[in-house]
Each structure stands twice: as C-alpha cells, then as structure tokens.
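Engineer: sequence plus predicted model, see below.
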Amino acid sequence: MELKRLERIGKFIHKYGVRHGVKLYLCLKLNKVSKLRVPGIKEPIFLRRDLTDKAIFDQIFLLDDYNITLPYPPKLIIDGGANIGLFTMLMKNKFSDATIICIEPDKENYEILKRNVSLYSNVKLINAGLWSKDTTLKVYDKYNEGKSAMIVEEDTNGNIEAISIDTLMLKYSIERIDLLKLDIETSEAELFASNYEHWLPKTKTIIIELHDWMKGNCSRTFFEAINRCFKKYQYSHCGENTVIINEDI
C-alpha cells in the first residue's frame, strides 16, 4: 500500500512538478475536489467525492490517455460519452477555437458536465446516448462500475434520447468531423453495426475505448466498419484508447 502511494505521488510530481503535483495529489486524497486547479487548464474542475470521477481524472490528467498528437488543429470535435466533461476541458485548453459537441446519457453526469464546461465557449451539450439510429434508451449501471461506466440499451419505454451521428451532422450542419472521441461503454457495438456509411468516411480521427471485456465483438464490429469505409488509415494505441486517423481525407 505504501509503495502504491509513493508511486502515485511520484506520477503527480513527474507530470506537474513538486509544488503542483503534491498539491493535486493531496486534494484528491483528502477529497478536496470541488474546485481543482490543474496546470494548463484554464478553469477549475469539479469532481464528485467518489472513485469513478477520480479514475477519469487520472486517465485524462495523470496517465495521459488522450495525449495524442494530431496532424492538424481540429475545428469540430464530438465527445461521445462526455461523462463529466474532463476530455472536453482538455481539448478546449489545447484547441480553444474548436467547437465541441458533448453527448452524455446519464442525467447526473450531465449536470456535472454542464457545471465543468459552463465557462468555455462553443461547447454544445446534449443529454442523450449515441446510437446507430434515433430512438429511446434506458441508462443504468449494468456492470456495477459506477458513474464512469453507465450502460444504455434500446428501450421503447426508455426516458433517454438516442441520437445518431447522421442526425447530429444534420442538426449542426456538419460537413466533416475532425475528431470523434468515443467512450460509450459498449454502445460502439451498436454505433458501428449499421448506418455509418454516410458519416464515417467524413470523420478524420477517431479516439475510442473498446469494451470487449463488457460485451463481445465491440472491436470486431468497429474494425469491420473502419475497413469497409477507409481505404488507408493510421492505427495506434494511447493508454486504453485505440486511435484511427483516416488518410482518405
């Protein structure tokens, strides 16, 4: 336990220096997380006092799972599975001129998302789940993973909207998606199963966390769609994420 604690402190110091690293470590450890200040992030971050928000914070701001060098500054970003908005905050501080569309199905997460991104311009929020078609969903903690892994399933009696990427493109007059980030907790198996032929070729970069450990064939469905739509692409990994850069556009 002591070794893990020292390793964690060391990671914070390596990333942010002694002063800021130790301060961030202590704030997280002592649950002083209502107004976190992270070097390089303009606005304060709000976390709930639970392990799931801290795990997402670690993924984005400590372990650099989204430290991906893009060959261009993205103008339009879709944050699918935006959760509480930490990825969007990271992107707005890297690419201040970008427009970001955040889609998050869980109502509680969505309220924290609104709070975290409220001071950033050109951020659009949708309380919905990404799906292969417009329908309705139910959202619940199917695998007892907490608020970081809420699952949506199609349900005619569901109270959460499902929105397709085709509909998003029509709604916001989008001609090209520069960056599509997806952490949608197995919904990728639905999103890439059908109705992707129009929007996928217009997508330059995809950063996706695949969830085969939760539901089989997520990766297979995703790569079958990629290989049908892209003639040439770059493939890499960063942390838990698979990165695809479409070289056709």
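Structural biologist: Done, it's in.

Engineer: where does the protein have its least confident helix or strand?
Structural biologist: strand 151-154 (a mean of 74; mean pLDDT, DSSP states H and E).

Engineer: quick one: contacts of the helix or strand just after it?
Structural biologist: Going down the chain from strand 151-154, the next helix or strand is strand 160-163, by DSSP states H and E. Residues from elsewhere that reach strand 160-163 (CB atoms under 8 Å, 6 or more residues apart in numbering): 103, 105, 107, 126-131, 133-139, 152, 154. Glycine gets a C-beta too; all of them are placed from N, C-alpha and C.

Engineer: which of those count as buried?
Structural biologist: 103, 105, 126-131, 135-139, 152, 154 (16 or more other CB atoms under 10 Å).

Engineer: centre of the chain to stretch 237-249, how far?
Structural biologist: 14 Å (CA atoms, centre = their mean, to the nearest Å).

Engineer: CA atoms of it as PDB?
Structural biologist: Presented in PDB, the C-alpha positions along stretch 237-249 are these (Å, rounded to 0.1, in the frame of the first residue of the first chain):
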ATOM      1  CA  HIS A 237      -2.900   3.000 -29.200                       C
ATOM      2  CA  CYS A 238      -2.700   5.500 -26.400                       C
ATOM      3  CA  GLY A 239      -3.400   4.200 -22.900                       C
ATOM      4  CA  GLU A 240      -6.700   2.400 -23.100                       C
ATOM      5  CA  ASN A 241      -7.700   4.100 -26.400                       C
ATOM      6  CA  THR A 242      -7.500   2.900 -30.000                       C
ATOM      7  CA  VAL A 243      -6.600   5.700 -32.400                       C
ATOM      8  CA  ILE A 244      -7.600   5.700 -36.000                       C
ATOM      9  CA  ILE A 245      -6.600   8.500 -38.400                       C
ATOM     10  CA  ASN A 246      -8.400   8.400 -41.800                       C
ATOM     11  CA  GLU A 247      -5.800   9.200 -44.500                       C
ATOM     12  CA  ASP A 248      -8.500   9.300 -47.200                       C
ATOM     13  CA  ILE A 249      -9.300  12.900 -46.300                       C
END
